[in-house]
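Engineer: When you get a sec, could you give me coordinates for this:
(chains A and B)
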Amino acid sequence: MRGPHAIGRAGAAVLVFIGWLAGSPGRAGEASGPSLAAIQVAYESAKSEAGGVHDDGLVIRAADCQQDRPGAYSCQITFTASGGAAGRLYFDVIGIDRRPAGWTLVSGLCKRHD
Amino acid sequence: MLDRLFHRGVVAAVILFVSLAGAPGGGAAATAELAEPPVFASINHVLDLLIVARPEPVDLDPFRVTGWVYDICRRPARGNSCPARSVSHYGGTRLQLAKGDTLKIRLVNKLPPDVGSKHQYDPGFEYLVLNPTNLHTHGMLVSPHFPTLTNPTYGDNVFVFTLNRANGPPPAGSYLHGLDLRYGFTDYEIKIPRSHPSGLFWFHPHAYGISSNQISAGMAGIITVGQPSDYICTTACGVPANLPVRHLILKDTQVVPPGVLQDQEDPLFCDLRRAPQDPARRGACLAAAGTGTGRDRGRWFFTVNGQQYPNVTVRAPLGEIWRITNASASITYKLQLRDRLTNRNMLMQIVAIDGVSVTPDDGKPSCPRSGSQAPTGALCVRELMMFPSSRVEVWVTYRDADDLPARPPAGARAVLRQAGMQTGPGGDAWPQVDLAAVRFADGGVRSSPMPPALAVNGEARALAEPVQIAKELAADSRAFPAAPACKPLPAGHSRRIFFNSIPAKIESGPQPAEGGEGGRFGLGYEELDENGKPVPGTFVDVSVFDFTTPQLCLPLGPHNTPVKERWQLVNLSAEDHNFHIHQTKFRLLSQDVVDGDTVPKGDGVLHDNVPVGHADGTCNAVADWRAGKCRAHPVWVEIPFSIAGNYVYHCHILEHEDGGMMAHIRVRASP
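Structural biologist: Purely as a prediction, here's the structure:
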């Protein structure tokens, strides 16, 4: 399983690019909230910054977001985990804010069970 | 001891919901005849329901309050709302199933925020203000499966919370590890094994930290599998096949003027006994002095099917079967059927406990015999001690001076009474309240003599080895694959579970001698060897519940067959607790006497909850107990594990469970 610092430079660059795509003004996803890719990037970023809080290997499969206040969204997300039981689906409600640096995870998506 | 209500300020917020009340809900007028709970029965082996948890006006004389109820309807083709004709009954609804059925439920959360729950002030639990909920099918031997790509439903799984999106998002910084969190609704699909026992079960919320609040506000109903005639010998034994059956759902709710339901209950709300100047306690007790006067004083309601002190008329010549559920969050009932003429407690025959019919236990008869007619070992009692979550099924019929069933004389009456009890020196005083007026009408002359006891073909003995349950649920169990760290208990070893309060930490000054009041509750653990000695390195001190850290893990036997373990339950606190475990039932191996009542034991009786009496003396820690500073009264149980999954065991006094007295157990498929 890849640790928080195991993403290579190339991978990090891809994530940054995806994050830019998802977070750029006027891009698809902003009007109704963050895209799946943006949430994935926000999770990867939060995982790197807050070591140990978020589990590794979580893959966002679906999201249903609504704006709670300007720039602040809450989303119900469906995700899978690389270390989870085969085919197991997980659910969480996350808080995600649009900030100058991009979409930022403010709550949720930690897992820690199987 | 439960905390006294600490936030009168919550009243104002709840009044807001009262003001939103519409038509009255399930509360019924006093002295009405007891009505059966509304029923939803399976069709073609499926019961597919929409259950909406929402606020509902409830009449509890003289108040109209806002409770939280389950609004239930058959699941519509579209949408997450029930039509206006749906059932939203404060008293509780009955779901009727048969062995082999599938119970499908879409649970929708439309509850308001709960500003009254005390645990929302615990660090990390701020999200409880959002009033998350979930569902547990208590006592049922079913899979707790998780959703998958091919089946996105949950089984009887308490590791999922559903939020009402209208209440807003979780607070920033919330990181709920170890459970699924969902907006709006959650789908459950629960397969009832064909080898499941016929009996009485119940459903209720199980959201850690707030379950007692939701149940106190009204969220609970019952589930019945099969019929009592599945285990009571009727026609062949001279008993009519249509022996009447009643369902009695016992709930309690506290209300303060001008009509605000306190979902965070106060155990000192009423005195244990009625003050001479106060009115008779019929379905309610008046708040203890200091909370108001006369009709302006609050009331603690003790309802049967949502009704205050209803009339129950027993008409059949052979009496009735009463299926009783303690659906209160924290109250223990000591039920008596007090004969008004003789002023003594009438005898009742127990036919089932916790959803499983009891097998007569040869050599220990307690029902009176008449000639050679009585089946041996029939179990009769004059008092039913029912800790929270208990169910019991009893045969109620008029009895003469010799305690034998008899034709009732004119005017034969009794009162169904909650006798009240004190749950230990550091515990709670549950008040004495009369619950229902019972009238025995002359049901006519029988052509054959009355049997002194019913013959019961109990399922408990067979279920002590739930091989068929394990077989039927093997596919679900395989979804929880074996884990290397999950090892079986060595032969001859057993497990010890500690129950204790955790004193609140005070920064300076004297520490409280007893936990609970302002503190938390917890469970501890150690493994015992074949000589009953602790196995070094296995001790885990008493601690509060943690979703992410299982206290135990064990694999099923070869080919996912059941595994039996012996557990010793050791209560170190100064109040009684009530052990409950999900996904299994257990046999009581030791004598268990609490407040003078003996819990039935033996091979022919299974439980899913059992009281563990308080210790004598003070033990703030396990080390105190080892040093002899208190004397505990351990209870031994034998638990057969036949279903893999992640589940819990806990004290079912829900104030204690919400306060941390719960642990996470993982049962895994066999390697």
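
Engineer: can I assume B:Pro267 is in contact with B:Ala329?
Structural biologist: No: the pair B:Pro267 / B:Ala329 is not scored as a contact, 11.0 Å apart, by C-beta atoms under 8 Å. No exception for glycine: its C-beta is placed from N, CA and C like everyone else's.

Engineer: Tell me which of these two has more neighbours.
Structural biologist: B:Ala329 (29 against 21; other C-beta atoms under 10 Å in any protein chain shown).

Engineer: Tell me how many other residues crowd B:Pro219.
Structural biologist: Pro isn't right for residue B:219; it's Met. 28.

Engineer: From what I see, it and B:Pro205 are in contact.
Structural biologist: Yes: if you go by C-beta under 8 Å, B:Met219 and B:Pro205 touch, sitting 5.3 Å apart.

Engineer: Overlap in contacts, those two.
Structural biologist: Here B:Met219 and B:Pro205 share the contacting residues B:Ala53, B:Thr133, scored by C-beta atoms under 8 Å, 6 or more residues apart in numbering or on different chains.

Engineer: How many neighbouring residues does the residue of the stretch 351-500 of chain B found nearest chain A have?
Structural biologist: Proximity to chain A, evaluated over the stretch 351-500 of chain B using C-beta to the nearest C-beta, is greatest for B:Ala479 at 6.0 Å. Using other C-beta under 10 Å, B:Ala479 has 19 other residues around it.

Engineer: what's the answer for the one 3 residues further on, then?
Structural biologist: Other residues within reach of B:Ala482, judged by other C-beta under 10 Å, total 14.

Engineer: B:Gly173 now?
Structural biologist: Using other C-beta under 10 Å, B:Gly173 has 11 other residues around it.

Engineer: ok, it - contacts?
Structural biologist: Contacts of B:Gly173 were listed using C-beta under 8 Å, 6+ apart, and they are A:Val106, A:Ser107.

Engineer: can you rerun that using 7 Å?
Structural biologist: A:Ser107 (C-beta atoms under 7 Å, 6 or more residues apart in numbering or on different chains).

Engineer: what does the one 3 residues further on give?
Structural biologist: For B:Leu176, the contacting residues are A:Cys110, B:Tyr127, taking C-beta under 7 Å, 6+ apart as the criterion.

Engineer: Swap in 8 Å and give it another go.
Structural biologist: With the criterion set at C-beta under 8 Å, 6+ apart, B:Leu176 makes contact with A:Asp92, A:Gly108, A:Cys110, B:Tyr127, B:Phe161, B:Pro170, B:Phe547.

Engineer: any idea whether the first one is helix, strand or coil?
Structural biologist: Here A:Asp92 takes the strand state, with states given by DSSP: H, G, I helix; E, B strand; the rest coil.

Engineer: picking up where we left off before, give me the lowest-pLDDT entry from the contacts of B:Leu176.
Structural biologist: Lowest in pLDDT among the contacts of B:Leu176 is A:Cys110, which has 77.

Engineer: where does chain A come near chain B, residue by residue?
Structural biologist: A:53, A:64, A:66, A:68, A:74, A:76, A:80, A:85-93, A:95, A:106-108, A:110-114 (C-beta under 8 Å from any C-beta of the partner chain).

Engineer: how far away is B:Asn343 from chain A?
Structural biologist: Distance, B:Asn343 to chain A, by C-beta to the nearest C-beta, to the nearest Å: 56 Å.

Engineer: Kindly apply the preceding question to B:Pro57 instead.
Structural biologist: In this view, B:Pro57 and chain A are 30 Å apart by C-beta to the nearest C-beta.

Engineer: Can you tell me the element that residue falls in?
Structural biologist: Using DSSP states H and E, B:Pro57 maps to strand B:46-60.

Engineer: helices and strands around that strand, which ones?
Structural biologist: If contacts are counted by 3 or more C-beta pairs under 8 Å, 6 or more residues apart in numbering or on different chains; DSSP states H and E, strand B:46-60 sits against strand B:39-41, strand B:63-74, strand B:87-88, strand B:94-97, strand B:102-109, strand B:299-304.

Engineer: Return the set of buried residues in it.
Structural biologist: The neighbour-count check on strand B:46-60 (16 or more other C-beta atoms under 10 Å in any protein chain shown) flags B:47, B:49-60 as buried.

Engineer: quick check: angle from it to strand B:102-109?
Structural biologist: 40 degrees (axes from the mean of the first three to the mean of the last three C-alpha atoms, to 10 degrees).

Engineer: quick one: average confidence on strand B:46-60?
Structural biologist: Computed over strand B:46-60, the average pLDDT equals 96.

Engineer: so it versus strand B:299-304, what angle?
Structural biologist: Inter-element angle recorded for strand B:46-60 and strand B:299-304: 140 degrees (by the same axes, to 10 degrees).

Engineer: how about the helices of chain A, start to end?
Structural biologist: Using DSSP state H, the helices of chain A run over A:9-23, A:36-49.

Engineer: mean pLDDT for those helices: which is lowest?
Structural biologist: Taking the mean pLDDT of the helices of chain A, helix A:9-23 comes last: a mean of 35.

Engineer: Pull up the gap between B:Gln349 and chain A, please.
Structural biologist: Where chain A is concerned, B:Gln349 sits at a distance of 45 Å (C-beta to the nearest C-beta).

Engineer: next SSE after the helix or strand harbouring that residue?
Structural biologist: For B:Gln349, the host element (DSSP H and E) is strand B:348-353. Per DSSP H and E, strand B:348-353 leads on to strand B:356-357 as the next helix or strand towards the C-terminus.

Engineer: pLDDT on that following strand, on average?
Structural biologist: The pLDDT scores in strand B:356-357 average 96.

Engineer: same for whichever helix or strand comes after it, what does it pack against?
Structural biologist: Going down the chain from strand B:356-357, the next helix or strand is strand B:379-381, by DSSP H and E. Helices and strands touching strand B:379-381, as assessed by 3+ C-beta pairs under 8 Å, 6+ apart, comprise strand B:348-353.

Engineer: Tell me, how many residues neighbour residue 69?
Structural biologist: Using chain A here. A:Arg69 has 9 nearby residues by other C-beta under 10 Å.

Engineer: could you do chain B instead?
Structural biologist: That count, for B:Val69 with other C-beta under 10 Å as the rule, works out to 30.

Engineer: try the one 4 residues further on
Structural biologist: Other residues near B:Cys73 number 18, with proximity taken as other C-beta under 10 Å.

Engineer: Quick check: beta-bridge partners of it?
Structural biologist: Beta-bridge pairing for B:Cys73 (DSSP bridges): B:Leu50.

Engineer: got the residue ranges for the helices in the stretch 551-671 of chain B?
Structural biologist: For the stretch 551-671 of chain B, helices defined by DSSP state H, counting those that start in this stretch occupy the ranges B:622-626, B:654-658.
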